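Colleague: Here is a sequence with its predicted model. Questions after.
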Amino acid sequence: MNYLTHQLLNSEELVTLRKELRKEERLWEDGKQTAGKHAAKVKNNLQLKRDSDLSKKCSGIIIKKILSNDLIKSFALPKRIHGTIFSKSTSGMQYGRHIDNAYMSSGRADLSFTIFLNCKDNYDGGALSIESFNSEKKFKLDAGEIIIYPSTFLHSVEEVISGERLVFIGWIESYVKSIEEREYLFDLDAAARSLLSKYGRSEEVDLIFKSYSNLLRRLGG
């Protein structure tokens, strides 16, 4: 399964975000309003109004962190981060099995991501389940961790049994559409950076970076 998990937000940032998100309870609405025709039938959660000043302010903070993270940039090659939503699920809420729309008004969905904003011990249930061709994995990450995975995979959020699940979700339009091609580029970049760190600059490392850059130029769009 082609996915990445990574600690993105620190404890101080999480405390600030959670404090901000608690300020305006009236701004949380039924999540079905942002779901596609088929997904709306299996979606049961709350979402912060996208056009609210609070949502724009908090989204901007997190998006900036994503775009400044070298590991995420290497893995996802983000051209655009879009469609971001703060989502909250309480007891009895869930999001059934669905696939994300390929194209949204805000951009193409190559990769989906979820950032867990509260401690996983604060709620029971609520795991993110992602299906690939022959396997299924469940994720319930620590506060501040992000998971990025292909939008082509079926996925769901299991029912929250008790407590509150608070996450930030969104989509990435990548410079490279293909899952396999992004993986090749990610491996090349990782190998070159590792060699550079261990042995310093060399003709061999320069050649790897040259091939990486030219492949990205050829495959990107």
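Modeller: Right, received. Where do you want to start?
Colleague: can you tell me which helix in this structure is longest?
Modeller: Criterion DSSP state H: the longest helix present in the chain is helix 179-199.
Colleague: after it, next one along is what?
Modeller: helix 203-219 (DSSP states H and E).
Colleague: how far is that following helix from where the chain is centred?
Modeller: Remark: helix 203-219 is offset 27 Å from the chain centroid, using CA atoms, centre = their mean, to the nearest Å.
Colleague: by how many degrees do the lengthiest strand in the chain and helix 179-199 diverge?
Modeller: Ranked by residue count under DSSP state E, the longest strand found in the chain is strand 160-174. Counting by axes from the mean of the first three to the mean of the last three CA atoms, to 10 degrees, strand 160-174 lies at 80 degrees to helix 179-199.
Colleague: who does strand 160-174 pair up with?
Modeller: Strands flanking strand 160-174 in the sheet, each with its direction: strand 78-90 (antiparallel), strand 111-116 (antiparallel), strand 123-125 (antiparallel) (DSSP bridges).
Colleague: And the contacts of the longest helix of the chain?
Modeller: Outside helix 179-199, the residues that touch it by CB atoms under 8 Å, 6 or more residues apart in numbering are 2, 74-77, 150, 152, 174, 176, 202, 204-205, 208-209, 211-212, 215-216, 219. Using the backbone N, CA and C atoms, a C-beta is placed for each residue, glycine as well.
Colleague: repeat for stretch 46-57
Modeller: 20-21, 23-24, 27-31, 33-34, 84-90, 93.
Colleague: Quick one: end-to-end distance for it.
Modeller: Length of stretch 46-57, first residue to last, CA to CA, to the nearest Å: 19 Å.
Colleague: Can you point out the buried residues in that stretch?
Modeller: Applying a neighbour-count criterion of 16 or more other CB atoms under 10 Å, the buried positions in stretch 46-57 are 46, 47, 48, 49, 50, 52, 55.
Colleague: And for stretch 19-37?
Modeller: Buried residues in stretch 19-37, counted by 16+ other CB under 10 Å: 21, 27, 28, 31, 34, 35.
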